[in-house]
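J.: Requesting a structural model of the entry that follows:
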Amino acid sequence: MATKDQRRRQLAREKFQRQQQRRSVQRRKMRLRNVVIAGGLAAVLAAGAAAYAVSGFGGEDEKSDSASPSASPTAKDPCAEPAKGSPGTQQWKKEPALTIDSSAAYTMTLRTTCGDIGIALDAAKAPRTVNSFNFLAGKGFFDHTRCHRLTTGGIYVLQCGDPKGTGQGGPGYTIPDENLKDPKLKGKVYPAGTVAMANQYDARSKKGRNTGGSQFFLVYQDSRLPPDYTPFGTIKAGQDVLKKIADAGATPPDAAQNTAPNATVVIDKATVSKS
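T.: Numbering: from 1, shown residues only. Reported below is the predicted structural model:
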């Protein structure tokens, strides 16, 4: 018959064994979790900028897309409450007739909840894109729309122009790609300050050209991307606004892989003017 000391030692051994088993299970779970996280991140990084570009800047009626890692919030929402109103629902079957003067200078002003952003539009190199923005802004198409995507890893852009706020909205028509050989895009880099079109081009299948609609992205830091997205403007005022938005970080991806900015970025009013 076991003595009390022997029984205590036996119970202690059994308790120790149970603790070791629990720790072993926890370590296995942690290793599995790390493998999953590392695998997911590796997939994103291995795909690189080109793969993100294929779908990450997909526009109207996109079926799926990828997302770069999103940043954790580093600040509270730095933006004001949106102006009263809701995005429009108007759609058009055809691209508007070309009415701008491609030799003139045009400026687009985005009055957002986070501050004003002034953009010099390149009507000479991207006349049909600028013409479309002139038309849509005149119709109030961009008013009260939320900028639905902020990328914060490898590619640094804020994407806007979707009245649905999901990455799947547009004006109902598409416009052709333009200015893809702009020398500013040398080295497959869209420099900070560039404003370019989103589209549905897939570099792997080489399908989806000329699918731009209303969605566009503002580059707040040099971003490595293939020259597949029409550059049609340059930010002349408001880089500090973009920095404020970026510093607030982005949310984890949603079902459509949109990484929404933590900042409440809403375009209260968009205007295009000729000077």
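J.: Let me see the contact set for the residue lying closest to residue 266 once chain neighbours are set aside.
T.: In space, and not counting its chain neighbours, residue 266 is closest to residue 82: 4.0 Å by CB to CB, 6 or more residues apart in numbering. Any C-beta I mention is one placed from the backbone N, CA and C, and that applies to glycine too. Contacts for residue 82 were tallied using CB atoms under 8 Å, 6 or more residues apart in numbering; they are 113, 144, 264, 266, 268.
J.: Top of these by number of neighbours, please.
T.: Neighbour tally across those (other CB atoms under 10 Å): the maximum, 23 neighbours, falls on residue 266.
J.: okay, that one: pLDDT?
T.: Here the pLDDT value assigned to residue 266 is 98.
J.: tell me the secondary structure for the nearest residue to residue 227 once chain neighbours are set aside?
T.: Nearest residue to residue 227, sequence neighbours excluded (CB to CB, 6+ apart): residue 185, at 4.5 Å. Following DSSP: H, G, I helix; E, B strand; the rest coil, residue 185 is assigned to helix.
J.: Can you get me a residue count around residue 95?
T.: Neighbour number of residue 95 under other CB under 10 Å is 17.
J.: repeat for residue 111
T.: Once other CB under 10 Å is used to define contacts, residue 111 is seen to have 15 neighbours.
J.: so it is in which element?
T.: strand 106-112 (DSSP states H and E).
J.: before we move on, back to that, am I right that the residue nearest to residue 266 falls within a strand?
T.: No. Assigned with three-state DSSP, residue 82 falls outside any strand and is coil.
J.: Model confidence score at it, please.
T.: Predicted confidence (pLDDT) for residue 82: 97.
J.: if I look at it, how far off is residue 184?
T.: Applying CB to CB, to the nearest Å, one obtains 33 Å for the distance of residue 82 from residue 184.
J.: what does residue 263 give?
T.: From residue 263 to residue 184 the distance is 27 Å (CB to CB).
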